[in-house]
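# no sequence on this one, just coordinates:
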């Protein structure tokens, strides 16, 4: 299989409803490649194959475009290797994006990858999301979108997101195709369930769930 380049990623992203130019697609791949290189030293992802990582990290993150949201301030909770937050930042280069994780070595690693790929409106934060509103008052109700992927059950994520999201803001969760997406999660009401298919070489069915804080 030919290695995915910026132009190829633009075309593949379009099938998920994501519009990118070559420059931003190439930047996203630069981040992905830097992350995979560091993954040899620090466990950031179980996906070792580069083309599978393009699908399971880059394209899966770019599926955010299906929500139709245009965020200004984004928080990615439990970001781990930086996805899906970096993909959201790529889709919305004018937005400020915060990648939050409680594991310091992961935060330092993705920070180095962001520098290498020249993302200048993305910052990292070494914090437990449960403690963040108490430790950092400036984070309370500071975001209009909170994202999370493979962090916890929707109910738990809604509880973490509530004090960090503004009224009217959205919680967006990446879910397995068979996951249960409740209509209500505390103060959140579901606004969309968006199924999509990821392509080879890591084909699978996925769902994005979006809830709005009332």
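That came through, no problem. Because the structure is a prediction, the values reported are computed rather than measured.
# measure the one residue sitting closest to the centre of the chain to residue 94 for me?
Compute the mean C-alpha point of the chain, and by C-alpha atoms, centre = their mean the closest residue is residue 84, 1.8 Å away. As judged by C-beta to C-beta, to the nearest Å, residue 84 and residue 94 stand 18 Å apart. (Each C-beta comes from the backbone N, C-alpha and C, glycine too.)
# Kindly report the same for residue 123.
Note on residue 123: its distance to residue 94, by C-beta to C-beta, is 15 Å.
# Residue 32 too?
22 Å.
# Just read off the phi/psi values of the residue nearest to the residue nearest to the centre of the chain when sequence neighbours are not counted.
Residue nearest to residue 84 in three dimensions, not counting chain neighbours: residue 61, with 3.5 Å by C-beta to C-beta, 6 or more residues apart in numbering. Here is the backbone geometry of residue 61 (degrees, to the nearest 10): phi -70, psi -40.
# Now do the SS call for the nearest residue to residue 210 once chain neighbours are set aside.
Nearest residue to residue 210 in three dimensions, chain neighbours excluded: residue 192, at 4.3 Å (C-beta to C-beta, 6+ apart). Residue 192 falls in the strand class when you classify it by DSSP: H, G, I helix; E, B strand; the rest coil.
# contacting residues for residue 192?
67, 208-210 (C-beta atoms under 8 Å, 6 or more residues apart in numbering).
# Show me those that map onto strands.
If you go by DSSP state E, these have 208-210 in strands.
# Okay, buried residues for the lengthiest helix in the chain please.
Longest helix in the chain by number of residues (criterion: DSSP state H): helix 22-38. Across helix 22-38, burial judged by 16 or more other C-beta atoms under 10 Å covers 24-36, 38.
# Would you pull up how far the helix or strand residue 147 falls within lies from the middle of the chain?
Residue 147 is located in strand 143-149, with elements delineated by DSSP states H and E. Centroid separation for strand 143-149 versus its chain: 8 Å, with C-alpha atoms, centre = their mean, to the nearest Å.
# helices and strands around the next helix or strand after it, which ones?
For strand 143-149, the following helix or strand on the C-terminal side (DSSP H and E) is helix 154-161. With contacts defined as 3 or more C-beta pairs under 8 Å, 6 or more residues apart in numbering; DSSP states H and E, helix 154-161 has these neighbours: strand 73-77, strand 143-149, strand 165-176, strand 184-185, strand 204-213.
# 10 Å instead?
If you count contacts as 3 or more C-beta pairs under 10 Å, 6 or more residues apart in numbering; DSSP states H and E, helix 154-161 packs onto strand 73-77, strand 143-149, strand 165-176, strand 184-185, strand 188-198, strand 204-213.
# can you put the ones you listed in JSON lines and add mean pLDDT and distance to residue 8?
Output for these, formatted as JSON lines (pLDDT from 0 to 100; distance: least, C-beta to C-beta, whole Å):
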{"stretch": "strand 73-77", "mean pLDDT": "98", "distance to residue 8": "25"}
{"stretch": "strand 143-149", "mean pLDDT": "98", "distance to residue 8": "23"}
{"stretch": "strand 165-176", "mean pLDDT": "97", "distance to residue 8": "23"}
{"stretch": "strand 184-185", "mean pLDDT": "97", "distance to residue 8": "37"}
{"stretch": "strand 188-198", "mean pLDDT": "97", "distance to residue 8": "15"}
{"stretch": "strand 204-213", "mean pLDDT": "97", "distance to residue 8": "20"}
